[in-house]
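# turn this into a model:
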Amino acid sequence: MQEKERAELITVIADFLEMGHVENIMAMFKQDTALYALSGDLLRDERFMVRMGMAVLFEEMKALRPQEVALAIPSLLPILAEETPWMRGEAVNLLSIINTPEALAHIQPLADDQEPQIREMVADILSEK
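Numbers count the residues shown, from 1 in each chain. Predicted coordinates:
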């Protein structure tokens, strides 16, 4: 997929999530699991409803197709190193929904994050597992 097509697809997905059309995006992800590679880019969106839509999407897809959600892990890892705390928190949240040993292993280092809320999230997630 070319960069322009990728950017347009990210915009379409984000706009649909913002409008609350998670079912449509679920259908797209079911049709093409390569879309999981866009997860990190979608989490960078400043619109809260887009990021919340991603969490809803992952919760639903985890219930329906648990083996597929882990495909997003590589796209989420760079977000864990972002300077902006809310971005790191969003990535931690999706990794906790994915809830595989690999996903949880990537969350573990953030137990010492500089941001207290991130540390608390990680502690809560890891204490539940």
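# contact partners for the closest residue to residue 61 other than its chain neighbours?
Closest residue in space to residue 61, ignoring its immediate chain neighbours: residue 69 at 5.3 Å, by Cβ to Cβ, 6 or more residues apart in numbering. No exception for glycine: its C-beta is placed from N, CA and C like everyone else's. The neighbourhood of residue 69, defined by Cβ atoms under 8 Å, 6 or more residues apart in numbering, consists of 36, 58, 61, 62, 97, 98.
# how about the helices of this structure, start to end?
3-18, 22-31, 39-43, 48-64, 66-69, 73-76, 85-98, 101-107, 116-128 (DSSP state H).
# for the residue nearest in space to the middle of the chain, give me its contacts.
For the chain, the residue nearest the mean C-alpha position is residue 94 (4.1 Å; Cα atoms, centre = their mean). Contacts of residue 94 were listed using Cβ under 8 Å, 6+ apart, and they are 39, 43, 54, 55, 58, 72, 76.
# tabulate these (a markdown table), appending pLDDT, distance to residue 125 and neighbour count.
Shown next, in a markdown table, are the contacts of residue 94 (pLDDT from 0 to 100; distance: Cβ to Cβ, whole Å; neighbours: other Cβ atoms under 10 Å):
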| residue | pLDDT | distance to residue 125 | neighbour count |
| --- | --- | --- | --- |
| 39 | 98 | 18 | 24 |
| 43 | 96 | 17 | 24 |
| 54 | 98 | 17 | 24 |
| 55 | 98 | 13 | 17 |
| 58 | 98 | 14 | 22 |
| 72 | 98 | 16 | 29 |
| 76 | 98 | 14 | 21 |
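# returning to what we had before: let's see if you can find the most crowded of the contacts of residue 69.
Neighbour counts for these peak at residue 98, which has 25 neighbours (criterion: other Cβ atoms under 10 Å).
# between the contacts of residue 69, which is nearest residue 27?
residue 61 (10.9 Å; Cβ to Cβ).
# who are the contact partners of that closest one?
Counting by Cβ under 8 Å, 6+ apart, residue 61 has contacts 26, 29, 30, 68, 69.
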